[in-house]
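Undergrad: Could you look at this predicted model? Sequence included:
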Amino acid sequence: MTRLRVAIQKSGRLSDKSLDLLKSCGLSFARSKDKLFWYGRDFPVDVLLVRDDDIPRMLLDGVCELGIVGENIASEVMLERNSKKDLNCLRKLGFGRCRLSLAIPEELEITSLSELRGKRIATSYPALTRHLLEKLDLRTEIVELSGSVEIAPGLGTADAISDLVSTGTTLRANHLRELEVLFESEAALYGRVNGISEAKQQLLTRLLARLEGVMQARECKYVMLHAPREALEKITQLLPGVEHPSIMPLEGSDRIAIHAVCGEAVFWEHLEALKAVGASAILVLPVEKMLA
Ligand code: PRP
Ligand code: ZN
């Protein structure tokens, strides 16, 4: 029988959210003892738990058809292999946001990037850093490190670093300051472009439709409220991502009930604005599943 394999991070920033997402798509797994391979029970998709840095290479080498990994790592491997077309970004997933930034020691009086010309930059993203700096017309010496990049300036092995930043805690703890954001990244579902059979492709299409539904449902909210009939137009404009709400009369009242699926995030400011034009009894509900 046709099955797909999806590689996800074994333990780290993306692990829990990657697994949650697959479960939301209706996947469930029989967990094997070695914990590296989980068999998909209800849907023929199995999971491989690996180091995130290995995921793009596993896709390129044909070990799996799908992988959830940061765009930073996927870009690094594609540049390293010079194979931009062999990994397909199927869907950005909205979590694992971080940035690849150039950072320098706090006390260094550098204000512009050009002052880093000819300097040593430590990074575990050599291909991506080189590529991005070349685009900025900045020639530097890249010092490749596999980890603990943030201590390189303190050790005197580099003048600056190019590393991932999410909260900035690591930089602060090492007395480094962010000079320039080079690349913004989030987790994405990647697929192989070549060597996928027709049957696998069909399975992939089904999985992607479910994923799209899950992602849209996460962004969507079902909003219900009461309003004076004459405020309908204003309210429709205020509901984020809504064109045609459902309108229902309210028994024994001249007000109406309005129901709508909001395609964009609903914030408190939206509710306050709705109230200001006469809405009351405003309810915002999560949407669990959606299939367009
Ligand atoms: C990155 C980066 C820093 C840290 C920054 O590592 O190398 O160490 O995160 O995060 P902060 O701004 O919140 O302090 P990552 O989590 O990617 O681990 P890995 O390099 O071991 O995969
Ligand atoms: Zn990693």
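TA: Happy to help now that I have it. Residues are numbered from 1 along each chain as shown. Ligands and ions are numbered 1, 2, ... in the order given.
Undergrad: can you pull the contacts of G252?
TA: Shown in contact with G252 (C-beta atoms under 8 Å, 6 or more residues apart in numbering): no residues. All C-beta spots, glycine's among them, are computed from the backbone N, C-alpha and C.
Undergrad: after whichever helix in the chain runs longest comes which helix or strand?
TA: Identified as the longest helix of the chain according to DSSP state H is helix 198-219. Next helix or strand after helix 198-219 toward the C-terminus (DSSP states H and E): strand 221-228.
Undergrad: Residues touching that next one, excluding its own?
TA: Contacts of strand 221-228 (C-beta under 8 Å, 6+ apart): 235, 239, 242, 250, 254-262, 265-266, 274, 277-287.
Undergrad: which parts of that strand are buried?
TA: If you call a residue buried by 16 or more other C-beta atoms under 10 Å, then strand 221-228 has these buried ones: 221, 223-228.
Undergrad: Which helix or strand contains V181?
TA: With DSSP H and E as the criterion, V181 is inside strand 176-185.
Undergrad: What is that strand packed up against?
TA: Strand 176-185 is packed against helix 71-81, strand 98-105, helix 126-135, strand 160-165, with contacts defined by 3 or more C-beta pairs under 8 Å, 6 or more residues apart in numbering; DSSP states H and E.
Undergrad: Just say which of the ones you listed is most tucked in.
TA: strand 160-165 (a mean of 24; mean count of other C-beta atoms under 10 Å).
Undergrad: Just the buried residues of the following helix or strand past it, please?
TA: On the C-terminal side of strand 160-165, the closest following helix or strand by DSSP H and E is helix 169-173. Of all the residues in helix 169-173, those buried under the rule 16+ other C-beta under 10 Å are 170-171.
Undergrad: ok now helix 169-173, how far from the chain's centre?
TA: 23 Å (C-alpha atoms, centre = their mean, to the nearest Å).
Undergrad: With just CA atoms, put that helix into PDB.
TA: C-alpha atoms of helix 169-173 as PDB (Å, rounded to 0.1, in the frame of the first residue of the first chain):
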ATOM      1  CA  THR A 169      17.800  36.100  25.200                       C
ATOM      2  CA  THR A 170      20.900  34.300  23.800                       C
ATOM      3  CA  LEU A 171      22.300  37.500  22.300                       C
ATOM      4  CA  ARG A 172      21.700  39.500  25.600                       C
ATOM      5  CA  ALA A 173      23.300  36.700  27.700                       C
END
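Undergrad: can you list the residues of the stretch 51-200 of the chain near ligand 1?
TA: Contact residues (C-beta under 6 Å from any ligand atom) of the stretch 51-200 of the chain with ligand 1: 52, 163-170.
Undergrad: Paired strands for the strand holding V181, with orientation please.
TA: strand 98-105 (antiparallel) (DSSP bridges).
Undergrad: Counting by contacts, list what whichever helix or strand comes after the strand it pairs with packs against.
TA: Sequence-wise, the next helix or strand downstream of strand 98-105 (DSSP H and E) is strand 120-123. Judged by 3+ C-beta pairs under 8 Å, 6+ apart, strand 120-123 is in contact with helix 126-135, strand 141-144, strand 160-165.
Undergrad: Which strands border the second one, and is each parallel or antiparallel?
TA: Based on DSSP bridges, the pairing partners of strand 141-144 within the sheet are strand 120-123 (parallel).
Undergrad: Tell me the gap between the strand it pairs with and the middle of its chain.
TA: With C-alpha atoms, centre = their mean, you get 26 Å for strand 120-123.
Undergrad: wait, isn't G263 in contact with E243?
TA: No: applying C-beta atoms under 8 Å, one finds G263 not in contact with E243, separated by 9.2 Å.
Undergrad: Neighbour count for the two, which is higher?
TA: G263 (14 against 9; other C-beta atoms under 10 Å).
Undergrad: Can you tell me the closest non-neighbouring residue to that one?
TA: Counting by C-beta to C-beta, 6 or more residues apart in numbering, the nearest residue to G263 once its immediate chain neighbours are dropped is G241, at 3.0 Å.
Undergrad: Would you point out which residue of the stretch 151-292 of the chain is nearest ligand 2?
TA: Taking C-beta to the ion, ligand 2 has its nearest neighbour within the stretch 151-292 of the chain at L164, 8.8 Å off.
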